[in-house]
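> Sharing a model prediction with you, sequence too.
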Amino acid sequence: MELNKGENIVNKNNTSKSAVIVGASLSGLMAAIALARAGLQVTLLERAGAKPRSGAVLQVDSGDMDRTVTAQVLRKLASGGVKSVEAWSSVESRLYAEAKANPGIDLHYDSGVHAVDQDVEAAWVVTNRGEKYYGDILIGADGHRSTVRRHVAPHKPNATFAGYMIWVALVEEKDIPEEHRPTLNAPRVAMPDGIGDFLLGSIVAGTDGSYAPGYRRLGWAWYDNSRNDLLRRLGCVEGNVVRHSLNAADIPEETLIELAKQASVRWPEPWLAAILHSIHTRNLIGTPIAEYVPDTLVKGRIAIVGDAAHVLTPLTASGFNSSLQDAATLADCVAEGIQGTKGAEALLEYESKRLKGVRQIVQSGQSFSRTFGR
Ligand SMILES: Cc1cc2nc3c(=O)[nH]c(=O)nc-3n(C[C@H](O)[C@H](O)[C@H](O)COP(=O)(O)OP(=O)(O)OC[C@H]3O[C@@H](n4cnc5c(N)ncnc54)[C@H](O)[C@@H]3O)c2cc1C
């Protein structure tokens, strides 16, 4: 293993049973917690900084399908006992707190990985700071534009654009006019009909966990197939590859004006008030939807989990739940040991347990994308 100039070996031979995980969002955090529970020393590397990040809402399933103790433990940690739609940040902060407190997990922010490789003894990454981290196994939890996937599946490195985007936001209930707020018993999830478009609205607890009127939050996701030209013009989509989301600051003013006009004729209250508030305060994000049906999840000592492994339309509401099953299955497969040839064998077992199922989930969402996407 030759070191390039400027590279530092950080944890070579540090431990006899170790994993490096790239990406510390939900999949990476769950994989780290599960692998640490299986007795591995985990190094978790995240490109973003340590400051809290926010998302919109996430569906955490009830866990009826959880077949292993590891899956049950992860679900309990992630959900805090809530079996419904939740603010993304609530799930993330619980998993983060657990990972941070776990002595078996070494978490590094501002550590973007730009190269991964392996030989018969180990797998390793090189970060943009020139640090080199080794593990018996290496896990890519680095999302839909995964760097690790390029190593695992060089013949099929990219997720492809599904032909539409979603606008998403999370709004404090107190910020919308009182007369438009949902009633106390309003359903937590709604799918109002629009003119050819599709909206998913959800009512989630406030930051203090309260569902009291005035303290809740309204999440909305507006499926929009009419702005693909804008996404291409702004570089969010290039060819059939999604490059990045459209951040609030970069949304052209005229697009916001058009969205407000369309929303006013399309969506009922309380969603209309929530959408208009998001538009007026530029508190929304446009996400081009990508999809990826994997052919493989593993190469030697390196595996992919979560959105790095399978990217599905959010309409399936299965991204988080599939990631949880990936993490739990992976940990159960490595429990017997990962040294020497056992590392690659354990990962092959993970692939054999997960590949068929995750392919089917992505494909089930593709039937919606084929009719809605352009
Ligand atoms: C900030 C944020 C908000 C989100 N909000 C929602 C939401 O509201 N609703 C919803 O349904 N889904 C949301 N998602 C997506 C959802 O979390 C995922 O679909 C699902 O949980 C599986 O995610 P993942 O961890 O596999 O991938 P991702 O969530 O994409 O996380 C990948 C992580 O890897 C890091 N990373 C990428 N490349 C590198 C690299 N080279 N080196 C080191 N680190 C790298 C990224 O910074 C990121 O933290 C959000 C994701 C993020 C990151």
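All right, it came through fine.
> I'd assumed Glu86 was in contact with Ser79.
Yes: look at Ser79 against Glu86 with CB atoms under 8 Å: they come within range, at 7.1 Å. For glycine as for every other residue, the C-beta is placed from the backbone atoms N, C-alpha and C.
> anything in contact with each of these two?
Val60 (CB atoms under 8 Å, 6 or more residues apart in numbering).
> Measure how buried Asp326 is and give me the count.
Residues lying near Asp326 (other CB atoms under 10 Å) number 29.
> quick one: contacts for Ile105?
For Ile105, the contact set (CB under 8 Å, 6+ apart) comprises 32-33, 36, 42, 44, 99.
> let's see 7 Å
Residues in contact with Ile105 (CB atoms under 7 Å, 6 or more residues apart in numbering) are 32, 36, 42, 44, 99.
> how far away is the fourth one from Ala141?
From Leu44 over to Ala141 the distance is 9 Å, taken as CB to CB, to the nearest Å.
> The residue of the chain most remote from its centre and Trp271: what is the separation?
When each C-alpha in the chain is compared with the mean C-alpha position (CA atoms, centre = their mean), Glu179 comes out farthest, at 34.9 Å. Distance, Glu179 to Trp271, by CB to CB: 14 Å.
> mind checking pLDDT for the residue lying closest to His114 once chain neighbours are set aside?
Excluding its sequence neighbours, the residue lying closest to His114 (CB to CB, 6 or more residues apart in numbering) is Asn128, at 5.5 Å. With respect to pLDDT, Asn128 scores 95.
> One more: Lys12?
pLDDT recorded at Lys12 is 42.
> Now the lengthiest helix in the chain: buried residues?
Identified as the longest helix of the chain according to DSSP state H is helix 342-372. Buried positions in helix 342-372, judged by neighbour count with 16 or more other CB atoms under 10 Å: 343-344, 346-347, 349-351, 353-355, 358, 361-362, 365-366, 368-369, 372.
> Check which helices and strands that helix sits against.
When contacts are defined as 3 or more CB pairs under 7 Å, 6 or more residues apart in numbering; DSSP states H and E, helix 342-372 sits against strand 160-172, strand 285-291, strand 298-299, helix 319-334.
> Quick one: distance of that helix to the chain centre.
Its chain's average C-alpha position is 16 Å from that of helix 342-372, according to CA atoms, centre = their mean, to the nearest Å.
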